[in-house]
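Peer 1: Take this sequence and fold it.
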Amino acid sequence: MSAADFRKLADLFPNETLTHSYVQDIELPAVDGKDSPGTFALVTLDNGLDHSKPTTLGPNTLVELGTVLEGLKERAARGEIVGVGVTGKPYFLVAGADLSTVKSVTGREHGLWMAQLGHDVYSTLADLGVPSFAFINGLALGGGLEIALQSTYRTVSTGAGALALPEAFIGLIPGWGGVYILPRLIGPENAVKVMIENPLSNNRTLTGPQAFELGVADAMFEPADFVEQSVAWASKVIAGAVTPERSNAVDPSDPRVAARWADAVAAGRAFVEAKTSNASPAPAKVLDVLEANRTLTQAESAELECETLADLMQTDEFRSTVYAFLDLVQRRSKRPAGAPDRKLARPVTKIGVVGAGLMASQLALLFARQLKVPVVMTDIDQARVDKGVGYVHAEVDKLLAKKRISSDAANRTKALVTGSVSKEAFADADFVIEAVFEELNVKKQVFKEVEAIVSPECILATNTSSLSVTAMAEDLEHPERLVGFHFFNPVAVMPLLEIVRAPKTDDAVLATAFELAKGLKKSAVLVKDATAFVVNRILLRLMGEVTAAFDEGTPAEVADKALRPMGLPMTPFVLGAMVGLPVAQHVQESLHAAFGDRFTVSQNLQKLIGSGVKSIWSPEKDPDGMPFIPAETLALMSFGNSPSTGADVLRRTQDALAEEIGLMLDEGVVAGPEDIDLCMILGAGWPMFLGGITPYLDRVGASERVNGRKFLAPGVASAPA
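Peer 2: All right, here's what the predicted structure looks like:
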C-alpha cells in the first residue's frame with residue numbers, strides 16, 4: 001500500500017479527533033561519571049483535551065505519527081539522536097484505535113488499509129536504527145499497548161491502570177503486532193491470559209505492577225517523576241550499564257516451547273467455548289493467528305493480521321459490539337433518554353433503608369460508600385437490625401483486608417451506617433428506599449408508615465423488581481414523591497438502575513433519582529411503570545419459552561442448551577437456579593397476571609418449589625461430567641409428548657423475544673430499542689457482540705418474522721445499507 005493510499009484513507013475522516021505527536025530533544029544524563037550518551041528524542045502523544053477525552057488512534061493520527069517517526073529515523077541515521085521514547089499525556093499512553101473511526105469503515109478495502117497503516121507506522125518505530133523506548137505512564141489499550149510492544153524497551157508507572165489487549169472483547173484481533181510480539185515476550189500461556197481470558201472476563205485489565213510482573217515492561221517507576229526516571233533508565237540502557245532481563249521470554253522454535261504454545265492455544269479455545277459458545281468469531285480468530293504465527297516471520301504474521309482484521313471489521317458481531325460499547329455504554333448511558341433537567345434535583349443528605357436483609361444491607365453499604373451520607377436501616381426487631389449493620393461492617397472489613405479502601409475510609413463508612421427498630425429514625429431523611437418482601441400489600445403498608453414520619457419533601461423509592469409502582473402510590477398523600485429505583489444483584493457489581501416513573505411521579509423526584517444514580521456510579525435507564533420493567537420481563541419471557549418446551553417433552557439437555565448460539569452468560573436452567581426458582585416463579589406469575597398466556601406458569605416448577613428443590617439440574621455431574629436431573633426430581637414432574645429440537649427452541653425463543661420487545665416499545669416502556677439493549681447489557685450481562693438483543697434479533701430475522709420490520713436502521717449496529 002502506498003503513501004497516497006494512506007493519505008486517501010485519512011482524508012475519509014476529516015472530523016477525527018487528532019492525537020498529535022510532539023517531539024522534545026533531551027540531553028541524556030551522564031552514566032557512571034561518563035559523558036552523556038547523547039540526545040534523546042521524546043515523543044509525547046496528546047490530543048490537547050482534558051483527562052475525560054482519552055487519546056486515540058485514527059488514520060490522521062497514524063499518518064502524523066508515521067511522518068514524525070520517519071523524520072526521527074533520518075535524524076538517527078545522521079547520528080543526531082541515540083534513542084527515541086514515546087509517552088502520553090497525563091493518565092494515558094493511548095486508549096487504542098478510535099472506534100468511531102473504525103465503525104465508519106464501510107468497505108473491506110478501507111479496513112485493510114487501516115490495518116496496514118498501523119503496521120507501516122509501528123514497523124518504523126521498531127526499526128529506527130536506534131533503540132526505542134515506550135514509557136507507559138497510564139492507560140494503554142489495544143493499539144496503545146501495541147505501540148509499547150513494538151518498542152525495543154518499555155517502562156511502566158506503578159500508577160498506570162488499564163493495560164490490555166481487549167480486541168477479542170470488541171470483535172477484533174490485536175492487529176498491529178501484539179499477537180505476534182506478546183507471546184514471545186511473556187510466554188504463550190500469559191499471552192492467552194492477556195488476549196483471551198482477560199477480555200472475555202468482563203474486559204479485565206492489568207495494572208502497571210501486574211504488567212511488570214508478567215514481563216510486559218522491563219522497569220517500573222513511581223508516578224511522581226516517572227518520565228524523568230524512565231529517561232535516566234533509558235540512558236543507562238543506551239550506555240550499556242543496564243541490560244534488561246526477560247525471564248518470561250520464549251523462543252518459539254524451541255520444541256518445548258512449541259508444546260507449551262499448542263497447549264496454551266488449546267486452553268484458550270476451551271475458555272472461549274465455555275464463555276461464548278463460539279458465538280462471536282473474534283476470539284477464535286485471535287487464537288488462529290496466535291497458533292499460526294509461532295512459525296511465521298513477523299512480516300508474514302503482519303499480513304495475516306491485516307487480512308483477518310479486514311474480515312472482522314465487516315462482521316455484524318463487530319458492528320454490534322461497537323454499537324453496544326460506544327453508542328450505548330459510553331454515550332447513551334451518560335445521557336439517559338427522558339431524564340429531567342438535573343437542575344431540578346434536590347440535595348440528599350441522609351438516606352433511610354426499610355429492611356435489614358441481604359438486599360437492604362447491600363444498598364446501605366453502597367449508599368454509604370459512594371454518597372458518603374448517613375444511612376439508617378430499620379427492621380421489625382433488634383436482631384435483624386444488628387445482623388444488617390453487622391453485614392455492612394463485615395463487608396467493609398473485607399474491603400480493608402483487600403486494600404481496596406484505607407483504614408480511615410473503612411472507619412468513616414462504618415460510622416455512617418446505623419440501625420433502628422423504629423421508622424422514626426427516618427424523620428430527617430431526604431430519601432427512603434424499601435427493600436422488603438416482594439408483596440404489594442406489605443410495601444404499601446411500609447410506605448404508609450414512612451409517609452407519616454418523613455418530611456413532605458422526602459422522596460420514597462421502591463426496589464421492586466416486578467410490582468406496580470403506581471399501585472404502591474395509590475394510598476399515599478403525596479403519590480408524586482414515589483419512584484421506582486430497581487437495582488440488580490449483586491448490587492455492588494451490576495451497573496444498571498431501572499428508574500421507574502409512575503404516572504404521578506414529578507420531575508424533581510425523577511431528577512433526584514438520576515443524580516443519585518450518577519453519584520452511585522450506576523447507569524440509569526428511565527422506564528415506564530409496566531410489570532417487571534425491562535430486564536426481568538425479557539429474561540422471564542426467554543426462560544418461560546425454554547421451560548415450556550421442557551414441559552412439553554423436550555429433553556432437558558436439549559432445552560437448556562438450545563440458546564447456546566446466542567452466547568449468553570448462562571443457560572436458562574442455571575439462571576433460574578441462581579435467581580431462585582421461587583423468585584423466578586413469583587415474577588412469572590406477576591407477568592402472567594399482567595400479560596396473559598405469553599408468560600406461562602410452569603406447573604412442574606411449582607412442584608419443585610413446593611418440594612424445596614432448588615435447581616432442575618443436580619449440583620453434581622454424571623460419570624461423563626455432564627449435568628443430569630436427579631431421579632427424585634424427575635419423579636415430581638410430568639411431561640407432554642411434543643418434544644422440540646434445539647433449533648426449534650432457539651427459533652421459538654427468538655420470535656418470542658422479538659414479539660415482547662416490539663410490544664414493550666409500542667407500550668412506551670422505554671424511549672427506544674437502544675434502551676432495551678443497554679438494559680440487557682448492564683442489567684443481565686448479555687454479550688456486547690449481541691449488541692444487547694435487538695441487533696441480534698434483526699440479524700437472525702426474528703424482528704421481521706414477527707414485527708414485519710427491524711428494530712434498528714441499517715448502519716446502526718450492522719453494515720450500512
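Peer 1: going forward, measure contacts and count neighbours with C-alpha atoms only.
Peer 2: Will do.
Peer 1: ok now do residue 536, which residues does it touch?
Peer 2: By Cα atoms under 8 Å, 6 or more residues apart in numbering, the contact set of residue 536 is 465-466, 587.
Peer 1: Got phi/psi on it?
Peer 2: phi -70, psi -30 (degrees, to the nearest 10).
Peer 1: ok, so of the contacts of residue 536, who is nearest residue 333?
Peer 2: Nearest to residue 333 among the contacts of residue 536, counting by Cα to Cα, is residue 465 at 20.4 Å.
Peer 1: my guess is the closest one meets residue 532, correct?
Peer 2: Yes. Here residue 465 lies in contact with residue 532, judged by Cα atoms under 8 Å, at a distance of 5.8 Å.
Peer 1: any shared contact partners between these two?
Peer 2: Residues touching both residue 465 and residue 532 by Cα under 8 Å, 6+ apart: residue 587.
Peer 1: Residue 88: which of the contacts of residue 536 is nearest?
Peer 2: Taking Cα to Cα as the measure, residue 88 sits nearest to residue 465 out of these, at 45.2 Å.
Peer 1: Dihedrals phi and psi, residue 468?
Peer 2: Dihedral angles for residue 468 - degrees, to the nearest 10 - are phi -80, psi 120.
Peer 1: Can you give me the distance of it to residue 345?
Peer 2: The gap separating residue 468 from residue 345 is 24 Å, by Cα to Cα, to the nearest Å.
Peer 1: Just say helix, strand or coil for residue 393.
Peer 2: Secondary structure for residue 393, judged by DSSP: H, G, I helix; E, B strand; the rest coil, is helix.
Peer 1: any idea of the mean pLDDT in stretch 384-396?
Peer 2: Mean per-residue pLDDT for stretch 384-396: 97.
Peer 1: Which helix or strand contains residue 270?
Peer 2: Per DSSP states H and E: residue 270 is located in helix 255-276.
Peer 1: Could you list every helix and strand in contact with that helix?
Peer 2: Secondary-structure packing of helix 255-276 (3 or more Cα pairs under 8 Å, 6 or more residues apart in numbering; DSSP states H and E): helix 188-192, helix 281-292.
Peer 1: Pull out the buried positions in that helix.
Peer 2: Of all the residues in helix 255-276, those buried under the rule 16 or more other Cα atoms under 10 Å are 257-258, 260-262, 264-265, 267-269, 271-273, 275-276.
Peer 1: Among those, which one sits closest to residue 395?
Peer 2: In terms of Cα to Cα, no member of the buried residues of helix 255-276 lies closer to residue 395 than residue 275, at 28.9 Å.
Peer 1: for the stretch 501-650 of the chain, what spans make up the helices?
Peer 2: 507-519, 535-551, 556-561, 572-579, 581-595, 603-610, 631-634, 646-667 (DSSP state H, counting those that start in this stretch).
Peer 1: Would you mind writing the CA trace of stretch 191-206 as PDB?
Peer 2: Below are the C-alpha coordinates for stretch 191-206, written out as PDB (Å, rounded to 0.1, in the frame of the first residue of the first chain):
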ATOM      1  CA  ALA A 191      -0.400 -14.100  26.200                       C
ATOM      2  CA  VAL A 192      -3.600 -16.200  26.200                       C
ATOM      3  CA  LYS A 193      -4.400 -14.700  29.600                       C
ATOM      4  CA  VAL A 194      -4.000 -11.100  28.300                       C
ATOM      5  CA  MET A 195      -5.600 -11.600  24.900                       C
ATOM      6  CA  ILE A 196      -8.400 -14.100  25.700                       C
ATOM      7  CA  GLU A 197      -9.100 -14.700  29.300                       C
ATOM      8  CA  ASN A 198      -9.000 -11.100  30.500                       C
ATOM      9  CA  PRO A 199     -11.100  -9.600  27.600                       C
ATOM     10  CA  LEU A 200     -13.700 -12.300  28.000                       C
ATOM     11  CA  SER A 201     -13.900 -11.900  31.800                       C
ATOM     12  CA  ASN A 202     -15.700  -8.500  31.800                       C
ATOM     13  CA  ASN A 203     -12.900  -6.900  29.900                       C
ATOM     14  CA  ARG A 204     -10.400  -7.200  32.800                       C
ATOM     15  CA  THR A 205      -7.200  -5.200  32.500                       C
ATOM     16  CA  LEU A 206      -3.700  -5.200  34.100                       C
END
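Peer 1: How far off centre is it?
Peer 2: Computed by Cα atoms, centre = their mean, to the nearest Å, the separation of stretch 191-206 from the middle of its chain amounts to 12 Å.
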